[in-house]
Each structure stands twice: as C-alpha cells, then as structure tokens.
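> heads up, no residue letters with this:
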C-alpha cells in the first residue's frame with residue numbers, strides 16, 4: 001500500500017526527510033490560496049513513497065449506515081456517503097476554498113462524535129501506485145479548535161491529491177490535460193481573470209496525484225474500515241463529468 005508521508009502517535013515515521021516535510025508543511029497552508037504553488041515546487045515521485053499490493057475493497061462496499069455502535073464513534077453526516085457534498089478535489093485551492101458549501105460552520109464541525117485529535121484517511125486509487133493513506137490533525141493555526149473538523153478532513157484530502165506526482169503514462173497525462181482545459185468551467189465565486197490564470201498554471205504544471213485516479217475526483221464520503229480501528233476511514237470517490245469527451 002502506498003503511504004504518503006505520515007507522522008502520528010505510535011507509528012513509525014516513513015519516507016525521506018524531504019517527504020516528511022511535505023505533510024508537516026500542509027498544515028500551515030490549509031486555507032492558503034497559494035497552496036498549489038507550493039505543491040508545484042515540491043514534486044512527489046514514487047521513489048518517496050512505500051508500496052503494498054494489498055487488495056482494494058472499499059469500492060465494493062456501498063453503505064451510508066453510521067459505523068457500528070461497537071466502536072462508539074460516528075462519522076459526521078456531512079462526511080458520510082449519500083449525505084455529503086460532492087466536492088471536486090481536482091480543483092485548484094482558490095477554487096476549492098471558494099466553494100460556498102465549505103462554509104465556516106461546516107469547517108468547524110467536528111469530523112466525528114466523539115471528536116478525535118487525529119484520523120487516518122485511506123485512499124484506494126486502483127492504479128499501479130496502489131492505495132495510500134495519510135493522517136489528518138487539527139489545524140495548529142487554530143488552537144481554539146483542538147479536534148479534527150470536517151474542514152480539516154476535506155481540505156487535507158484536497159491538498160494531498162493536488163500534490164505533483166509525475167507520470168509518463170499517456171492515460172494519466174490525458175486526465176491532466178483534460179483537468180487543465182476544463183478548470184474554468186468548474187469554478188464558483190471566482191472572477192474571470194483568476195480563472196484564466198488558474199487554467200494557465202494548470203496547463204504548465206506536471207501531473208498530480210489526482211490525475212492518477214483517472215477521473216474519480218468527486219467526494220463520495222468516508223467510511224470506517226473497522227470498529228477495531230475507528231480512526232481509520234476509507235475514502236469513496238465518484239467520477240466527474242468534466243472528464244467526459246462530450247463536455
């Protein structure tokens with residue numbers, strides 16, 4: 001299983017010092033409109049990551065039921081399948097954070113009950129790079145909210161998927177090209193000049209992790225993997241119509 005750099009209690013720190021800096025830096029950039037410029041300057045390559053050939057099973061599950069009461073933990077409904085908003089994780093940060101659905105109240109809502117100080121998100125990509133996982137911690141710049149919130153989870157997922165991950169695969173590069181060409185059509189509350197600048201930046205940038213997902217970029221919810229590990233949540237993703245050649 002592909003492990004994005006992670007640092008959490010009781011776990012071994014993996015990856016090179018440079019890779020560890022990636023994850024630590026993200027916490028200071030969560031709502032920073034320049035976050036994608038940072039991502040473009042820090043290229044993540046497969047050599048920085050660890051892999052595992054574990055079988056992906058999360059997409060075969062399709063239940064929006066809350067986790068088992070045995071775990072004593074329930075994921076907030078705004079993060080559950082069939083109840084969550086379909087945020088587009090492929091969008092640049094200025095577009096993503098301008099989404100009116102990601103308002104202040106939602107950002108401050110605890111991600112689960114009872115609240116946790118850390119959760120682990122597992123993403124299954126179904127590509128040669130395999131699945132990956134990373135920790136989500138409370139924003140250190142907001143000490144008044146000491147637990148993981150919905151905003152922490154959503155924006156960390158977007159930040160991780162927007163990291164540069166070079167690829168020479170023609171299929172992956174097609175998704176990169178399509179993402180860049182259609183970005184202007186999928187922006188809300190953003191002026192035309194910002195849209196044009198974002199399009200030009202997207203066209204110049206390398207492929208990103210999100211391109212390796214082959215069109216599955218829409219948030220479809222999080223599910224607890226097991227009551228034995230209630231803090232480990234599997235991410236579900238849906239395909240976006242922006243990758244249809246008919247658009």
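Thanks, I have it. Just so we're clear, the structure is a prediction, and the values are computed from it rather than from any experiment.
> helices and strands around the helix or strand containing residue 223, which ones?
According to DSSP states H and E, residue 223 maps onto strand 216-226. Contacts defined by 3 or more CB pairs under 8 Å, 6 or more residues apart in numbering; DSSP states H and E place strand 216-226 against strand 74-75, helix 150-161, strand 229-239. Bear in mind the C-beta positions are built from the backbone N, C-alpha and C, glycine included.
> Please name the strands paired to the first one in the sheet, noting orientation.
If I follow you right, that is strand 74-75. Taking DSSP bridges as the criterion, strand 74-75 forms sheet pairs with strand 112-113 (antiparallel).
> Averaged pLDDT, the strand it pairs with. What do you get?
Strand 112-113 comes out with an average pLDDT of 97.
> Contacts for that strand, please.
With contact meaning CB atoms under 8 Å, 6 or more residues apart in numbering, strand 112-113 is reached by 73, 74, 75, 76, 79, 119, 148.
> returning to that earlier point: what comes up buried for the strand holding residue 223?
Buried residues in strand 216-226, defined by neighbour count with 16 or more other CB atoms under 10 Å: 216, 217, 218, 219, 220, 221, 222, 223, 224, 225.
> Low-confidence stretches in the protein?
1-71, 125-131, 246-247 (pLDDT under 70).
> how about 90 then?
Within the chain, the stretches with pLDDT under 90 are 1-72, 93-95, 97-98, 123-133, 166, 180-205, 225-227, 242-247.
> need the helices for it, in chain order.
Using DSSP state H, the helices of the chain run over 17-26, 35-41, 93-96, 104-108, 150-161, 170-182, 192-204.
> deepest of the ones you listed, which one?
helix 150-161 (a mean of 24; mean count of other CB atoms under 10 Å).
> ok, back up a step: how about the helices and strands packed on strand 216-226 in CSV, adding distance to residue 102?
Shown next, in CSV, are those (distance: least, CB to CB, whole Å):
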stretch, distance to residue 102
strand 74-75, 17
helix 150-161, 6
strand 229-239, 17
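> Which stretch among those approaches residue 195 most closely?
Residue 195 lies closest to helix 150-161 among the helices and strands packed on strand 216-226, at 18.0 Å (CB to CB).
> Help me confirm that residue 213 comes into contact with residue 237.
Yes: using CB atoms under 8 Å, residue 213 is in contact with residue 237, at 6.5 Å.
> Touching both of the two, which residues are there?
Contacts common to residue 213 and residue 237, judged by CB under 8 Å, 6+ apart, are absent.
> Please tell me how far residue 88 sits from residue 178.
13 Å (CB to CB, to the nearest Å).
> Now do the shared contacts for the two.
With CB under 8 Å, 6+ apart as the test, residue 88 and residue 178 both reach residue 242.
> re earlier: and the two most separated of the contacts of strand 112-113?
Across those (CB to CB), the longest gap, 13.8 Å, separates 74 and 148.
> Those two: who's more crowded?
residue 148 (23 against 16; other CB atoms under 10 Å).
> ok, that one touching residue 120?
No: look at residue 148 against residue 120 with CB under 8 Å: they stay out of range, at 10.4 Å.
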